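Novice: Quick one: sequence plus predicted model below, questions after.
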Amino acid sequence: MARILDDTIAAIATPPGVGSVGIIRVSGPESLRIFRSLFVSSNGSNFDSHRMLHGWLTDPKSKSKIDEVMSCYMKGPKSFTGEDVIEIYCHGSPVILKNVLNIILKSGARLAEKGEFSKRAFLNGRLDLAQAEAILDLISADGSIGAGYALRQLEGKLSKQVNAVRQRLLERMSELDAGIDFSEDVGELDHLAFVNKLSAEFVAIEKWLSTFEAGRLYRNGLATAIIGKPNVGKSSLLNALLGEDRAIVSELPGTTRDSIEESVDIGGIVLKIVDTAGLRHPKDRVEEFGVARTRREMEAADLALVVLDGSLPLDELDRAVFDQVRGRRTIIIVNKADLPFGMDGAELESFLGSSPCFKVSALTGQGIPELKRGILGQLERATNPCPDGAVLLNARHQECLLEAKNGLSRAILAAKEGNPAEIVAIDLKEAIIALGKVTGEVVSDEIINTIFEQFCVGK
């Protein structure tokens, strides 16, 4: 997969805006020459690989100083891209970063495209495709658990396991090929034994696929809608979960007429919480829009937090809320535990079904820690992470593994039916190709370009 790339690229590697430090990355055969022409060491140090240097960046024409910097030269292939790489750590002024980048471009580099540093790492064999995609997952992970799984993928955990299954299927393909080409010497295919071998790999692929829902939630966060009738304390609950006053709280019903979105980390999982307008009989067009928005948010949510006023009996609107969430992943929250309990306990039990129920006081914080643990428990029960830590975070990987599963399923069926080795080999080859797409062993330039265009410039 390694390719020779004869040009040198440069880009700002840190996000836009003012910061204490800004990083400019340069990669390619001209990196060291460009660096030598711009950098003046403060102590005359040599440009040794993987050694941090202090000095000044200067304009090669006027010799005027641009910035005091730290910098590091990393000689390929022992660098991120596999090429000669320079990283320059400037003061984080956008003006300084722009000026430094401009003189680097004038000195012979070109501006890097989106994701081109990571793309070069892939093309030069430093990373496989799944590892390169893990960089994007790691950058965009909302919670610590999702970041942890992305890091494992960057380390190559998923790649190693996929490659191991693919290698064993290649061995099975060799058995088929031997039976086709040397049938007199090898004999007929033992269909039962062959099916058993393929079935073991089929189980491994199914196990990975079963983790995708967990991976999606770990990577993107849990879309959570707080719903209930007006004045049950939805906004107070949001504030209690966030630990700050984000939503306006009033004793007047219907204060929230539009959705408020916030995020909170609970045990390494990010809840993307939407505090919705109360479900009620709308009195005007504005309330109609608010109720309609609430229903849309509820349909899109992974989890519904249904809030009830524990100081009052259940009424028609509460029952309507229960009807709206029936069959969905739901937690029932009986709020206002600081007030006397006014519900009929038996009637409440009849509505709960399998949904867990927590009594809290959003005003005093009573029951909020238990509620957070309950939310985390719901997520753990709803997902199915692999015990060995290989969790699918990426929809492209899911698509490839589904393709591999279907090809392998057809191969198993063909072998069970006693079909000739040539027939079994057709479907087995499809499964092998699909597994190769995960790590980039078998992938088109179009797919490669599409993946790396999702990255930012400088990554």
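Specialist: Sure, I can see it.

Novice: Low-confidence regions, the protein specifically.
Specialist: 1-5, 181-188, 244-259, 277-295, 381-389 (pLDDT under 70).

Novice: care to break it down by domain?
Specialist: Here the domain parsing of the chain from automatic domain parsing is 9-128, 134-211+390-440, 219-382.

Novice: Grab the most central residue of the protein for me.
Specialist: In the chain, the residue lying closest to the centroid (Cα atoms, centre = their mean) is R219, at 3.3 Å.

Novice: which other helices and strands contact the helix or strand containing it?
Specialist: R219 belongs to helix 212-220 when assigned by DSSP states H and E. Applying 3 or more Cβ pairs under 8 Å, 6 or more residues apart in numbering; DSSP states H and E, one finds that helix 212-220 contacts helix 144-155, strand 269-275, helix 368-382. Every C-beta, even on glycine, is put in place using the N, C-alpha and C of the backbone.

Novice: just the helices in the stretch 351-459 of the chain please.
Specialist: 368-382, 395-416, 421-439, 445-452 (DSSP state H, counting those that start in this stretch).

Novice: which of those helices sits most buried?
Specialist: Per-stretch averages of neighbours, counted by mean count of other Cβ atoms under 10 Å, single out helix 421-439 among these, with a mean of 22.

Novice: about what we covered before: of all the helices and strands packed on helix 212-220, which one is nearest V232?
Specialist: strand 269-275 (11.7 Å; Cβ to Cβ).

Novice: Compute the inter-axis angle for that closest one and helix 144-155.
Specialist: 140 degrees (axes from the mean of the first three to the mean of the last three Cα atoms, to 10 degrees).

Novice: All the strands of the stretch 201-350 of the chain, in order from the start?
Specialist: 222-227, 260-266, 269-275, 303-309, 330-335 (DSSP state E, counting those that start in this stretch).

Novice: what comes up buried for the second one?
Specialist: Think strand 260-266. Within strand 260-266, the residues that count as buried by 16 or more other Cβ atoms under 10 Å are 260, 262, 264, 266.

Novice: who touches the second one in this structure?
Specialist: Going by Cβ atoms under 8 Å, 6 or more residues apart in numbering, E262 touches 238, 242, 246, 272-273, 275.

Novice: Next one: it from R396, what distance?
Specialist: Noted for E262: a distance of 30 Å to R396, by Cβ to Cβ, to the nearest Å.

Novice: Is V325 in contact with V306, as I believe?
Specialist: Yes: V325 lies in contact with V306 (Cβ atoms under 8 Å); the separation is 5.9 Å.

Novice: Comparing these two, which residue is more hemmed in?
Specialist: Between V325 and V306, counting by other Cβ atoms under 10 Å, V306 is the more crowded of the two (27 against 19).

Novice: partner residues bridging that one?
Specialist: Judged by DSSP bridges, the bridge partners of V306 are I227, I332.

Novice: That one and R319 touch, don't they?
Specialist: No: contact criterion Cβ under 8 Å: V306 and R319 do not qualify, at 11.4 Å.

Novice: List the buried residues in the longest helix along the chain.
Specialist: Criterion DSSP state H: the longest helix present in the chain is helix 157-181. Within helix 157-181, the residues that count as buried by 16+ other Cβ under 10 Å are 157-159, 161-163, 165-166, 169, 172-173, 175-176, 179.
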